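**Q** Sharing a model prediction with you, sequence too.
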Amino acid sequence: MIIADTDVLIDSLRGREPVAQRVAEGIENGDLATTVLSAFELLSGSGEAAERRKVEDLLAALPLLALDPGATVIAAALRRELEARGEMIGLADYLIAGICLSHSASLMTRNRRHFGRVPGLRLYPAEIG
């Protein structure tokens, strides 16, 4: 399973290649999901009704993975470990990483600066151009 991060979904909504194609293929193949945190970020950042509808349509096509108790424990351990090393990545990113690790999923993201610090997290290529 591949989990799409918020930045990747924004790129897809904007038609940026090759990300838009990767997202479309992942939806078609049924191997792409996202998190409720990314859904929140997309929905809260959408403006006009037409933009909001595009976001809602994309999210309807993707399984939304929740922050369950197992992911919470993993995310909390990640936060303690990374902050002890002075490598903070932000609350939402800890939670997204915890969800990915609890599902043994790869994360499709351009934010390698943050997520590259997470031990054991597999990153799926999402670079543009």
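**A** Looks like it came in fine.
**Q** show me where this protein has helices.
**A** Under the criterion DSSP state H, helices of the chain are mapped to 6-13, 19-29, 36-45, 49-60, 69-84, 91-102, 112-115.
**Q** Among the ones you listed, show me which one is buried the most.
**A** Mean neighbours per residue, mean count of other Cβ atoms under 10 Å, is largest over the helices of the chain for helix 91-102, with a mean of 23. Where you see a C-beta, it was placed from the backbone N, CA and C, and this is true even at glycine.
**Q** can you list the weak-confidence ranges in the chain?
**A** In the predicted model, the chain carries pLDDT under 70 at residues 126-129.
**Q** For the residue sitting furthest away from the middle of it, give its distance to residue 40.
**A** Within the chain, residue 84 marks the point farthest from the mean C-alpha position, 24.0 Å out by Cα atoms, centre = their mean. Per Cβ to Cβ, to the nearest Å, residue 84 is found 28 Å from residue 40.
**Q** same check, this time on residue 30
**A** On the measure of Cβ to Cβ, residue 30 and residue 40 end up 23 Å apart.
**Q** do residue 94 as well
**A** 15 Å.
**Q** surely residue 7 meets residue 107?
**A** No - Residue 7 sits out of contact with residue 107 when judged by Cβ atoms under 8 Å, with a separation of 10.7 Å.
**Q** residue contacts, the most centrally placed residue in the chain?
**A** What sits nearest the mean C-alpha location of the chain, by Cα atoms, centre = their mean, is residue 5, with 2.1 Å. The contact partners of residue 5, taken as Cβ atoms under 8 Å, 6 or more residues apart in numbering, are 34, 38, 96, 107-111, 115, 126.
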